[in-house]
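**Q** I'll drop the sequence and a predicted model, then ask my questions.
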Amino acid sequence: MTQAARPAGRGTYHDDFRLSITKALGDQLAQALAQLGRAPLAEQYLVGLDERPGVYQLYLHGEFVYVGKADKSLPSRLANHLRKLSGRRNIDLRDVSFSCLYVDEDFSALAPEQLLISHHKEMGNIPWNNNGFGNKDPGRQRDSTVLKKNHFDVVYPIDLDRPVEGLQPGKIALSAFLKALKNGLPYNFRYTEPPRSKATFLTVPQAGLSADEAFHLVSEALPEAWQIAALMGYVIMYGDSPNEYKSAWRYYRSGRVVETEPEASPEEIAQDDLFDAGE
C-alpha cells in the first residue's frame, strides 16, 4: 500500500517554520497608531511635535485615508501636506486630522510606512495612498495624461481663487514675479523662462492677488506663442500655444482666459496600481 503524497517539506513529524517579522512589526505599528488620539491638521498642533523622523496617518471626516513617513521631521512633512491641501477645492481642512509615531533612525531603515501599508492592504484599500496624493511633480512627459476618475487631482483639483502668498504691490520684473508666484502657491507651478523676462516688467495692483489674477497678469506680458495651462493638479507655462492638455481646465493666453472641460478616465485606479507612501 503506497502512502499518499504530502506537500514538499511537510510530514507527520516535520514541517516548515515561517516567521514573518515584518508582518509582526506592521501589526504593532498599526496597533500603536490606533491607540492614539487624533489632532486637527493645523499649525497650532504641528508646532507641538518634535523634529524627529516617524510615521503618520491622515484621516478625512474621521476615516483613515493615508499613511506616510517622515525621514527627518514629522512636523515638516505634515506641514507640507497641510499646505498642499490648503490649495485644493472640495476639501475643508477642518475635516482633516492626523496621528503619528516617532521612530528611531535604525527602525526607519526598515521602511515602517511600507509595513503599515502592507498591514492596511490586508484590511482593505487606503484611498489616498492609491490615488496620487503623495506624488511630486510628475514631469513634462506626464502633462498630457488622462487621469482616472478617483485620482486625487480629479477629486480635489487645485484652487485658482486662493490668494498667492508673499506678493507685494508695485512694479516687478517678469522673471522675479514668476519666482514669487511659484513660491507663493500651495501647488506646483512649472515653467520655462520666457525670452526677455528680466527686461519685461509688470505692475502688481495690490496685495492678495488670487492665483487666477496673477496668471492673468503674467499672460498679458508673455509673447504671443506662450500660454499658461491650469491642469487638475498643477500649473504649467510654456511657449506652446495653442497646444492643449487633456487634464487642463483653464488656459491663459495673451491676457485671455479660456475655459475647457478636462478629460477624466471612467476607470478607477486599482488597489495595486501605485502606492505613494510619502516620498
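**A** Cool, got the structure.

**Q** Please make it C-alpha for all contacts and neighbour counts, starting now.
**A** Fine.

**Q** For residue 238, grab phi and psi.
**A** phi -140, psi 160 (degrees, to the nearest 10).

**Q** doesn't residue 192 make contact with it?
**A** Yes - contact criterion C-alpha atoms under 8 Å: residue 238 and residue 192 qualify, at 6.0 Å.

**Q** Compare those two and say which is more crowded by neighbours.
**A** Using other C-alpha atoms under 10 Å as the criterion, residue 238 and residue 192 rank with residue 238 on top: 17 against 10.

**Q** who's the more buried one bridged to?
**A** Residues in a beta bridge with residue 238, per DSSP bridges, are residue 227.

**Q** How about residue 250?
**A** Taking DSSP bridges as the rule, residue 250 bridges to residue 230, residue 259.

**Q** Hmm, it is touching residue 256, no?
**A** No - the criterion here is C-alpha under 8 Å, and residue 250 misses it with residue 256 at 10.3 Å.

**Q** where along the stretch 101-250 of the chain do the helices fall?
**A** Remark: helices assigned in the stretch 101-250 of the chain by DSSP state H, counting those that start in this stretch are 105-108, 112-123, 152-155, 174-183, 211-221.

**Q** Which one's more surrounded, residue 250 and residue 256?
**A** Taking neighbours as other C-alpha under 10 Å, residue 250 and residue 256 compare with residue 250 leading, 21 against 13.

**Q** what about the helices of the stretch 101-250 of the chain, which gets the closest to residue 143?
**A** Minimum separation from residue 143 across the helices of the stretch 101-250 of the chain (C-alpha to C-alpha) falls at helix 152-155, 12.7 Å.

**Q** Show me what counts as buried in that closest one.
**A** For helix 152-155, a neighbour-count test (16 or more other C-alpha atoms under 10 Å) marks 152-155 as buried.

**Q** Just send those residues back as JSON lines, with distance to residue 146 too.
**A** As requested, the buried residues of helix 152-155 are exported to JSON lines (distance: C-alpha to C-alpha, whole Å):
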{"residue": "152", "distance to residue 146": "13"}
{"residue": "153", "distance to residue 146": "11"}
{"residue": "154", "distance to residue 146": "10"}
{"residue": "155", "distance to residue 146": "14"}
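
**Q** wait, is residue 59 part of a helix?
**A** No - under DSSP: H, G, I helix; E, B strand; the rest coil, residue 59 sits outside any helix and is assigned strand.

**Q** what bridges to it?
**A** residue 64, residue 97.

**Q** and if you look at the one 10 residues further on?
**A** When assigned by DSSP bridges, residue 69 has beta-bridge partners residue 55.

**Q** ok, it to residue 81 distance?
**A** 12 Å (C-alpha to C-alpha, to the nearest Å).

**Q** between the two, who's got more neighbours?
**A** The neighbour count for residue 69 versus residue 81, taken as other C-alpha under 10 Å, is higher for residue 69 (26 against 17).

**Q** so what pLDDT did the more buried one get?
**A** Predicted confidence (pLDDT) for residue 69: 88.

**Q** so where's this protein uncertain?
**A** The chain contains residues with pLDDT under 70 at 1-9, 11, 17-22, 105-110, 112, 122-124, 270-279.

**Q** hey, where'd the strands end up in it?
**A** Remark: strands assigned in the chain by DSSP state E are 39-40, 54-60, 63-70, 96-102, 147-148, 170-173, 189-191, 201-204, 227-231, 235-238, 248-253, 256-259, 264-265.

**Q** which one of the ones you listed is the most hemmed in?
**A** Comparing those by mean neighbour count (mean count of other C-alpha atoms under 10 Å), strand 227-231 ranks first with a mean of 26.

**Q** Let me know the angle separating that one from strand 248-253.
**A** Put simply, strand 227-231 runs at 160 degrees to strand 248-253, going by axes from the mean of the first three to the mean of the last three C-alpha atoms, to 10 degrees.

**Q** And strand 227-231, what does it pack against?
**A** helix 211-221, strand 235-238, strand 248-253 (3 or more C-alpha pairs under 8 Å, 6 or more residues apart in numbering; DSSP states H and E).
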